[in-house]
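Chemist: build me a model:
(2 chains)
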Amino acid sequence: MAERITPRSENYSDWYVDIVIQAKLADYSPVKGCMVIRPRGYALWEHMQRAIDDMFKATGHVNAYFPLLIPQSFIQREAEHVEGFAPELAVVTHGGGEELEEPLVIRPTSETIIWSMYKKWIQSYRDLPLLINQWANVMRWEKRTRLFLRTTEFLWQEGHTAHATAREAREETLRMLDVYRRFAEEYMAMPVLTGLKTDAEKFAGAIETYSIEAMMQDRRALQAGTSHFLGQNFAKAFDVTFQTAEGSLDHVWATSWGVSTRLIGALIMTHSDDKGLVAPPRLAPTQVVTIPIFKSKNKAEVLRYAEGVHERLRGRFRAEYDSDDANSPGWKFSEWEMLGVPLRVEVGPRDMENNTVVLVRRDSGEKQSVGVEEAPDAVARLLDDIQTALFERAKHFREQNTHAIDDYEELKRFFENDGGFAIVPWDGSPETEAQVKEETKATIRVLPEGNEKRAAGKTAIITGKPARHLVVFAKAY
RNA sequence: CGGGAUGUAGCCUAGGGGCUAAGGCGCCUGGUUUGGGACCAGGAGAUCGGAGGUUCGAAUCCUCUCAUCCCGACCA
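Modeler: Residues are numbered from 1 along each chain as shown, chains lettered A, B, ... in the order given. Sure thing, here's the model as predicted:
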């Protein structure tokens, strides 16, 4: 058959690309590094957006929209920020057939334009906190792109908040990190580690960066969301001050946080198999597909019966019905498995006779027969079971591939072989971090909460000094 | 950005200076089928990734270029 998927064991990268293309999630565009998100991929994004957006609203945030184009000088206002982003900016130099007086950059992120506006909107502590999110596209000129994981243009949300105190801003940073963790676990069925990034890995312009990190099936880490405590860096760069209740003038404290269409890549690499996409039921574009199985002599009756089954399902679930008689049932089974539909309902003459349907799970292939009356409840129950099973399976996989390693030689061997997450005592020095990266390609993904206490009494790798942190090393995307 | 590989119909592949570019899958029409990727017959679909060059003649040789994949460098 034409739609062959490269097995994961043969070539993990090819497998990933095959899934994206053949599950019709995205396609290459004529422009290097850009991609078209196809309806099935975009539907995944829409379901993600809805869930995340609801969580933002529930935590007091509102949406707004800031422009795509930013004066080049804005990016240069914050020293670290300009250094971090300069190499990957796309710059507009001409408009209306004339060279622009000042070039405009296409936003790689919107801190600068947003803070230039916050300066106008914030005068008093009564204007704070300001909790704004935007859903937008951004552009970063990446040298090596991969569908969903790293593309030149991508879709994301970026929250930008302003607070009266450092404490409030820090709380916000952690609150949103927790929103991301909950979203990843509850909707994507993707377990994540959370924690602080090292200075080497943090956002350009942040004081502290936190992230959620997931383990893909090749045991590499994927940073799936970030939340930054920006301190007063941008407030100072854009001179955003407010008058306190006591009458003094102070710079505003800031956070920013984002997740992107990269989450779709994370979802694919967390759950899918050699038969195609496996989508968690809560986000799956189609949750259940009904496939009638008929012979020419009973076609009309079976179709009538199957349509009745579909009718029972479609109000309650994202349901499809595939009665096309150009393809055999077997072909359809494979096709819908490729597309990642969590549950298949097979309806044939035997079911019609018994007034039953057959339900088949995408994650396990397990089949069961239920009465047609109970089908909707059974579908609901199975979708929940699949959601839970996917999470548990991914969590088990991560645990199986997470090891505490105290010895540097052992750490090197670990990353030469299968790799995974290594919990390692670290002396806290950038030199040690750089040496490990140089020699093993693994980086510190996060410093988990409370790691300092657990590091007590341990000896750091390489230097043999007392460990200050117990950190997670992994090779990353 | 450096090294490697690959671009021939929607997809996969054959053809490596010479006649009308070949096959499989998919697609269209008709018929038979249908509980794990069905079958028969007929049909449509290609300026051989793009540009330039060499030649009487280029899918084939040369140069440049674009894209994708792999390995590295880079990557909040």
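
Chemist: A:Asn11 is in contact with A:Asp274, correct?
Modeler: No. A:Asp274 is beyond contact range of A:Asn11, at 11.6 Å (criterion: Cβ atoms under 8 Å). Bear in mind the C-beta positions are built from the backbone N, C-alpha and C, glycine included.

Chemist: contacts only, for A:Glu301.
Modeler: A:Glu301 is in contact with A:Phe294, A:Met352, counting by Cβ atoms under 8 Å, 6 or more residues apart in numbering.

Chemist: per-residue confidence at it?
Modeler: pLDDT recorded at A:Glu301 is 94.

Chemist: what's the spacing between it and A:Glu353?
Modeler: Separation of A:Glu301 from A:Glu353 (Cβ to Cβ, to the nearest Å): 10 Å.

Chemist: who touches both of the two?
Modeler: Joint contacts of A:Glu301 and A:Glu353 (Cβ under 8 Å, 6+ apart) do not exist.

Chemist: how distant is stretch A:220-232 from the center of its chain?
Modeler: 12 Å (Cα atoms, centre = their mean, to the nearest Å).

Chemist: does RNA strand B sit close to that stretch?
Modeler: Yes. On the criterion Cβ under 7 Å from any atom of the strand, stretch A:220-232 is in touch with RNA strand B at A:Gln223, A:Thr226.

Chemist: enumerate the positions of that stretch that are buried.
Modeler: For stretch A:220-232, the neighbour count (16 or more other Cβ atoms under 10 Å) marks A:220-232 as buried.

Chemist: same question for stretch A:449-456.
Modeler: Buried residues in stretch A:449-456 (16+ other Cβ under 10 Å): A:Asn451, A:Ala455.

Chemist: next one: stretch A:301-312
Modeler: Applying a neighbour-count criterion of 16+ other Cβ under 10 Å, one finds A:Val302, A:Leu303, A:Tyr305, A:Ala306, A:Val309, A:His310, A:Arg312 buried in stretch A:301-312.

Chemist: out of these, which sit inside helices?
Modeler: Among these, DSSP state H puts A:Val302, A:Leu303, A:Tyr305, A:Ala306, A:Val309, A:His310, A:Arg312 in helices.

Chemist: and the helices in the stretch 301-450 of chain A, which stretches?
Modeler: Ranges of helices in the stretch 301-450 of chain A, per DSSP state H, counting those that start in this stretch, are A:329-338, A:349-354, A:375-400, A:408-416, A:430-440.

Chemist: dump those into CSV; add mean pLDDT and distance to RNA strand B as well.
Modeler: Listed next are the helices of the stretch 301-450 of chain A as CSV, based on pLDDT from 0 to 100; distance: least, Cβ to the nearest atom of the strand, whole Å:
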stretch, mean pLDDT, distance to RNA strand B
helix A:329-338, 94, 3
helix A:349-354, 96, 3
helix A:375-400, 98, 13
helix A:408-416, 92, 11
helix A:430-440, 91, 8
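
Chemist: let's have these in a markdown table, adding mean neighbour count.
Modeler: Listed next are those as a markdown table, based on neighbours: other Cβ atoms under 10 Å:
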| stretch | mean neighbour count |
| --- | --- |
| helix A:329-338 | 17 |
| helix A:349-354 | 16 |
| helix A:375-400 | 18 |
| helix A:408-416 | 16 |
| helix A:430-440 | 15 |
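
Chemist: distance of A:Asp324 relative to A:Pro292?
Modeler: Going from A:Asp324 to A:Pro292 by Cβ to Cβ gives 10 Å.

Chemist: no no, A:Ser116
Modeler: From A:Ser116 over to A:Pro292 (counting by Cβ to Cβ), the distance is 59 Å.

Chemist: the two: which is more packed in?
Modeler: Neighbour count, other Cβ atoms under 10 Å: between A:Ser116 and A:Pro292, A:Pro292 has more, with 27 against 19.

Chemist: from A:Ala375, how far off is the residue nearest to that one when sequence neighbours are not counted?
Modeler: Leaving aside its sequence neighbours, A:Pro292 sits nearest to A:Ala306 (Cβ to Cβ, 6 or more residues apart in numbering; 3.5 Å). Going from A:Ala306 to A:Ala375 by Cβ to Cβ gives 11 Å.

Chemist: what do you get for A:Arg344?
Modeler: A:Arg344 is 12 Å from A:Ala375, where distance means Cβ to Cβ.

Chemist: next, show the common contact partners of those two.
Modeler: In contact with both A:Arg344 and A:Ala375: A:Leu359, using Cβ under 8 Å, 6+ apart.

Chemist: what does the residue lying farthest from the centre of chain A show for phi and psi?
Modeler: Distance to the chain centre peaks in chain A at A:Lys297, reaching 48.8 Å (criterion: Cα atoms, centre = their mean). With angles defined as degrees, to the nearest 10, A:Lys297 sits at phi -80, psi -20.

Chemist: distance-wise, check the residue nearest the centre of chain A relative to A:Arg468.
Modeler: In chain A, the centroid-proximal residue (Cα atoms, centre = their mean) is A:Leu263; its distance is 2.2 Å. As for A:Leu263, its distance to A:Arg468 is 32 Å (criterion: Cβ to Cβ).

Chemist: ok, A:His271 next?
Modeler: To A:Arg468, A:His271 is 36 Å away according to Cβ to Cβ.

Chemist: neighbour-wise, which of those two wins?
Modeler: Taking neighbours as other Cβ under 10 Å, A:His271 and A:Arg468 compare with A:His271 leading, 23 against 18.

Chemist: what's near enough to touch that one?
Modeler: A:His271 sits next to A:Ala189, A:Met190, A:Val278, A:Ala279, A:Pro280, A:Asp363, A:Leu390, A:Arg393, A:Ala394 when contact means Cβ under 8 Å, 6+ apart.

Chemist: about what we covered before: of the helices of the stretch 301-450 of chain A, give the one that comes closest to A:Met139.
Modeler: helix A:430-440 (27.3 Å; Cβ to Cβ).
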